[in-house]
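> Got a sequence here, can you model it:
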Amino acid sequence: MSSKKYLPALVCGFGAAVLMVVPGIKNFGCCLVLPLAAGFSLVLHKKVNRLDEATKTQDAFYFGIFTGIFSAVFYTIFDLLITFISRNNDLVEALPQTKLMMQNLNLGPVMTDALNMIQGMADDIKTNGFSVLYTVIASISNLITNTIFGMIGGLLGMMYLNKNMKTKV
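A predicted model of the protein is given here:
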């Protein structure tokens with residue numbers, strides 16, 4: 001396996017991560033941008049390598065996974081960098097509404113511990129621009145989410161490419 005084989009996934013993962021940082025587009029990042037990026041990585045792979053055969057499920061699966069992993073890594077880095085510079089992020093902004101909602105649920109001591117943990121992360125972000133717990137949680141969450149939606153995008157891209165091949169023949 002050559003190192004150039006997954007270069008389209010790296011490029012598309014980076015592009016998806018850049019788009020997912022933009023406010024407004026961020027809301028559609030996992031559900032729209034990432035599957036499109038994974039599908040586009042398959043298109044780039046076929047064009048760069050001048051492949052004329054149908055895309056295999058295994059290739060679509062791998063390109064989706066790798067696009068998701070690359071986008072998760074880059075998105076987490078960008079998010080942490082922006083958080084470090086601005087000392088603010090979505091967690092800090094949504095904390096008052098989160099507290100109110102969780103207090104209304106009245107879940108007992110578990111809720112209090114969860115709120116204290118979230119408040120600790122928000123305080124770390126406000127004072128230092130960085131929270132170790134937030135970094136770990138964001139990294140794992142982005143990795144899982146982006147990988148799943150990348151796989152879906154890769155499989156949808158495969159279906160699209162293979163359908164277009166059948167109509168050309």
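
> Could you tell me how far the residue positioned nearest the centre of the chain is located from Asp90?
Centroid check for the chain by CA atoms, centre = their mean gives Asn146 as the closest residue, at 3.7 Å. Counting by CB to CB, to the nearest Å, the gap from Asn146 to Asp90 is 16 Å. (Glycine included, C-beta is placed from N, CA and C.)

> coming back round to it: reduced to three states, what does the residue nearest to the centre of the chain come out as?
helix (DSSP: H, G, I helix; E, B strand; the rest coil).

> List the contacts of it.
30, 34, 68-69, 71-72, 75 (CB atoms under 8 Å, 6 or more residues apart in numbering).

> Could you pull out the strands in this protein for me?
Here the chain has no strands by DSSP state E.

> give me phi/psi at Pro23?
Phi and psi for Pro23, reported as degrees, to the nearest 10, are phi -60, psi 140.

> how about the spatially closest residue to Leu36 that is not a sequence neighbour, what does it touch?
With sequence-adjacent residues excluded and distances taken as CB to CB, 6 or more residues apart in numbering, Leu36 is closest to Gly153, at 6.4 Å. Contacts for Gly153 were tallied using CB under 8 Å, 6+ apart; they are 34-39, 64, 67.

> any chance of those residues in CSV, with pLDDT too?
Formatted as CSV, the contacts of Gly153 follow (pLDDT from 0 to 100):
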residue, pLDDT
Leu34, 94
Pro35, 95
Leu36, 95
Ala37, 95
Ala38, 95
Gly39, 94
Gly64, 95
Thr67, 96
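
> Most neighbours among those, which one is it?
Thr67 (37 neighbours; other CB atoms under 10 Å).
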